[in-house]
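Engineer: build me a model from this:
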Amino acid sequence: MSRADRPLPADRLRPHRRNLLFAGLGLLGAGLPAFAASGETERPIVRRSGLAFGTTVAIAVVDDGRPRADVEAGLDAAFAAIRAVQKAADLFDPTSELSRLNRDGRLSAPSHDLATLVAHGLRLAAASDGGFDPTVQPIWAAWRDAGGRPDPATLARACARVDHRAVRASPDEIRFERPDTAMTLNALAQGHAADRVAETLRAHGLADAFVDTGEFGARGAHPSGRAWRVGVARPHARDRLIGRIAVADARFVATSADDRTFWTPDFAEHHIVEPWSGHSPRDLAEVVVSAPSGLLADGLSTALMVTGFGATGRRLLAEVPGAGALAVAKDGAIAVHGAFPEVEAG
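Structural biologist: Coordinates of the predicted model:
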């Protein structure tokens, strides 16, 4: 059996991803040790956390002996980058660029962050044959407003409004060609923020760092000299681990799952939906993706929840060099696809 499909032993309004992946560093207060004692004195870690995207975000930088003011300046800039992404894409902020675009149907001179997110969302929509579509916001709103299951006619009307081909985007303007279009970038923004933080830390000369924006990214190495690690929690049993994986230098890990924002107690209907039906995909409970950028990992994890790992899903994964995925089926079966890191027993 090839590594590409190797099975492993199986054992509310704002979408959250906290606890889908535990930072092995203990960065999130998960209490999970990253490494056994190395026997050597490790360099200290400078940590900073805050609130963004409806959750706690955190950055850990390894102290390399430079003046503390330089490290703090790098962290200041990194958190400014997170705030810029949130200001571009936060649906819950009526003054954000995305909220104004959804309200007015047109936005001139979009920020680089918004333009990047929209362009990637449209590319992924085309590549996934519509399995991923950033214009699914009307479906999400239909479920939210129903306070349960929307009636079939309401859901059908919401689905009729979903069409990524109605979006025109350039560096100068983003506009909707249909008046009833609305976008969400929740499946991309945290991954993009992880990219922006990593780039900012690099620009400030901070070589070894771990980034948590709700998705995870690594620069350099842990103070022990080994790779940073995260623990992958089981869906529907977040106090149990599937295992731990190493996050190598310049790698990012993102996850999508059915038990973070859900509409039915059995997790059958949740915030990830099929654009054509308005219902959630029935096969997978969780997808964890490792990729060379947070934006790629974030979008792929959502797209693969919808497409699964048939022809379209395998093609999507293959188009990203070095990407891999761990998929947990609704029945608990676990399989690894592509170049996913080795899973070590939790």
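
Engineer: how about low-confidence regions in this protein?
Structural biologist: By pLDDT under 70, the low-scoring segments of the chain are 1-41, 346.

Engineer: which strands and helices sit next to the helix or strand containing Arg168?
Structural biologist: Using DSSP states H and E, Arg168 sits within strand 167-169. Counting contacts by 3 or more C-beta pairs under 8 Å, 6 or more residues apart in numbering; DSSP states H and E, strand 167-169 is packed against helix 112-127, strand 173-176. For every residue, glycine as well, the C-beta is placed using N, CA and C.

Engineer: most tightly packed of these?
Structural biologist: Most buried of the helices and strands packed on strand 167-169, by mean neighbour count (mean count of other C-beta atoms under 10 Å): helix 112-127, with a mean of 20.

Engineer: CA-only coordinates of it, as CSV, when you get a sec.
Structural biologist: In CSV, the C-alpha atoms belonging to helix 112-127 read as follows (Å, rounded to 0.1, in the frame of the first residue of the first chain):
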residue,chain,number,x,y,z
HIS,A,112,-3.3,43.6,-0.6
ASP,A,113,-4.7,41.3,2.1
LEU,A,114,-8.2,41.3,0.7
ALA,A,115,-7.1,41.1,-2.9
THR,A,116,-4.9,38.1,-2.1
LEU,A,117,-7.7,36.3,-0.2
VAL,A,118,-10.3,36.9,-2.9
ALA,A,119,-8.0,35.9,-5.7
HIS,A,120,-7.0,32.7,-4.0
GLY,A,121,-10.6,31.9,-3.2
LEU,A,122,-11.6,32.2,-6.8
ARG,A,123,-8.7,30.1,-8.0
LEU,A,124,-9.5,27.4,-5.5
ALA,A,125,-13.2,27.5,-6.5
ALA,A,126,-12.3,26.9,-10.1
ALA,A,127,-9.8,24.2,-9.3
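
Engineer: please pull up the helix or strand immediately following it.
Structural biologist: Per DSSP H and E, the first helix or strand lying C-terminal to helix 112-127 is helix 137-146.

Engineer: so which other helices or strands are in contact with that next one?
Structural biologist: So helix 137-146, by 3+ C-beta pairs under 8 Å, 6+ apart, packs with helix 152-160.

Engineer: coming back round to it: the strand holding Arg168 pairs with which strands?
Structural biologist: As defined by DSSP bridges, the strand partners of strand 167-169 come to strand 173-176 (antiparallel).

Engineer: neighbouring contacts of the strand holding Arg168?
Structural biologist: With C-beta atoms under 8 Å, 6 or more residues apart in numbering as the test, strand 167-169 has contacts from 115, 118-119, 122, 134-135, 174-177, 181, 183.

Engineer: can you tell me which of those residues is nearest Thr255?
Structural biologist: Minimum distance to Thr255 across the contacts of strand 167-169 is 18.9 Å, recorded for Pro134 (C-beta to C-beta).

Engineer: which residue is nearest the middle of this protein?
Structural biologist: Centroid-nearest residue in the chain: Asp298, 3.4 Å away (criterion: C-alpha atoms, centre = their mean).

Engineer: which one is it nearest to, not counting chain neighbours?
Structural biologist: Distances taken as C-beta to C-beta, 6 or more residues apart in numbering put Gly191 closest to Asp298, at 2.6 Å, once the chain neighbours are dropped.

Engineer: number of residues surrounding that neighbour?
Structural biologist: Neighbourhood size, Gly191 [other C-beta atoms under 10 Å]: 32.
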